[in-house]
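Q: Fold the following, please.
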Amino acid sequence: MSVLICKNISSEGPGTIEDFLISKEISYTVVDLFKGEPMPTAASFDALVMLGGPMSVNDDIEYIRREEKLVREFADQSKKMFGVCLGAQIMAKALGARVYKGPAPEIGWLDITLCDEGLKDPRMELLGRSRDEQEFKVFHWHGETFDIPKGAMRLASSDLYPNQAFRFGANAYAFQFHIEVSEKIIYDWMSGEKVDMGRIEEDTRRHYAEYHERAFAFYESFFGSQ
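A: The predicted structure is shown next:
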């Protein structure tokens, strides 16, 4: 297994995804596209991870167009893909769906609800801990959303954003929310933002340890299986 991780802005790194890959001695390459680092070809990798960023997939940014092309190449070869926030929106647009501004930003620890297909998906079951837990907390920081691409399955929703996650084929997942965050990443991101930091800190203390375990369970299934 060899994993390509695309950073869309230098400040948003792979977080616990990288921690997991290191712990399992899985080969990976991180490319900071924001800094102009060259994007490798799909042929060298078994899995693609695309991270978040404050820009829009609809902005005229050349490296985002190259990521869209890379998504289509991975999809054509049925290779694994995992998009987080902006990365999920890149996946959606590359697969033919619309990406657009949401009704309001979602920031902090908020619930998502697994849809019928999400309840049937074994990897979402791991993220949700069990099929008995249809609704659970995840960490959000986004203001845009996407339609579900043709042929993809909607996996989760929230009150404001009906499309929180989808699966395309068997091996491509797109999450509007952030499962890759560490506690430090959360506090770094929220520093200076117009948010209730007391609430963020309280919710992080309450939810993070279990969230970390759920994320690792998802990674184990996603990266560890064929």
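Q: Against the centre of this protein, work out the most remote residue.
A: Gly198 (25.5 Å; C-alpha atoms, centre = their mean).
Q: tell me what the helix or strand harbouring that one is packed against?
A: In this assignment (DSSP states H and E), Gly198 forms part of helix 197-224. Judged by 3 or more C-beta pairs under 8 Å, 6 or more residues apart in numbering; DSSP states H and E, helix 197-224 is in contact with helix 15-23, strand 80-84, strand 99-114, helix 122-128, strand 135-146, helix 183-190. C-beta here means a position set from N, CA and C on the backbone, and glycine is covered the same way.
Q: let's see it at 10 Å
A: Here helix 197-224 touches helix 15-23, strand 47-50, strand 80-84, strand 99-114, helix 122-128, strand 135-146, strand 172-175, helix 183-190, going by 3 or more C-beta pairs under 10 Å, 6 or more residues apart in numbering; DSSP states H and E.
Q: buried set for the fifth one?
A: Of all the residues in helix 122-128, those buried under the rule 16 or more other C-beta atoms under 10 Å are 123-128.
Q: Kindly export it (C-alpha atoms) in PDB.
A: The C-alpha coordinates for helix 122-128 follow below in PDB (Å, rounded to 0.1, in the frame of the first residue of the first chain):
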ATOM      1  CA  PRO A 122     -19.300  -1.400   7.500                       C
ATOM      2  CA  ARG A 123     -16.800   1.500   7.600                       C
ATOM      3  CA  MET A 124     -19.400   4.000   8.600                       C
ATOM      4  CA  GLU A 125     -20.500   1.500  11.200                       C
ATOM      5  CA  LEU A 126     -17.000   1.700  12.600                       C
ATOM      6  CA  LEU A 127     -17.000   5.400  12.600                       C
ATOM      7  CA  GLY A 128     -20.400   5.400  14.300                       C
END
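Q: pLDDT on that helix, on average?
A: Here helix 122-128 scores 91 as its mean pLDDT.
Q: One more: the first one?
A: When the per-residue pLDDT values of helix 15-23 are averaged, the result is 97.
Q: Surely Glu210 touches Leu127?
A: No. Under the criterion of C-beta atoms under 10 Å, Glu210 is not in contact with Leu127, lying 11.1 Å apart.
Q: Quickly list what's touching both of the two.
A: Common contacts of Glu210 and Leu127, defined by C-beta atoms under 10 Å, 6 or more residues apart in numbering, comprise Phe136.
Q: I'd like the distance between the spatially most central residue of the chain and Asp196.
A: Closest to where the C-alpha atoms of the chain average out (C-alpha atoms, centre = their mean) is Val84, at 1.8 Å. Distance, Val84 to Asp196, by C-beta to C-beta, to the nearest Å: 24 Å.
Q: From the chain's centroid, how far away is the least confident helix or strand in the chain by mean pLDDT?
A: Lowest on mean pLDDT, DSSP states H and E among the helices and strands of the chain sits helix 122-128, with a mean of 91. Centre-to-centre, helix 122-128 and its host chain are 14 Å apart (C-alpha atoms, centre = their mean, to the nearest Å).
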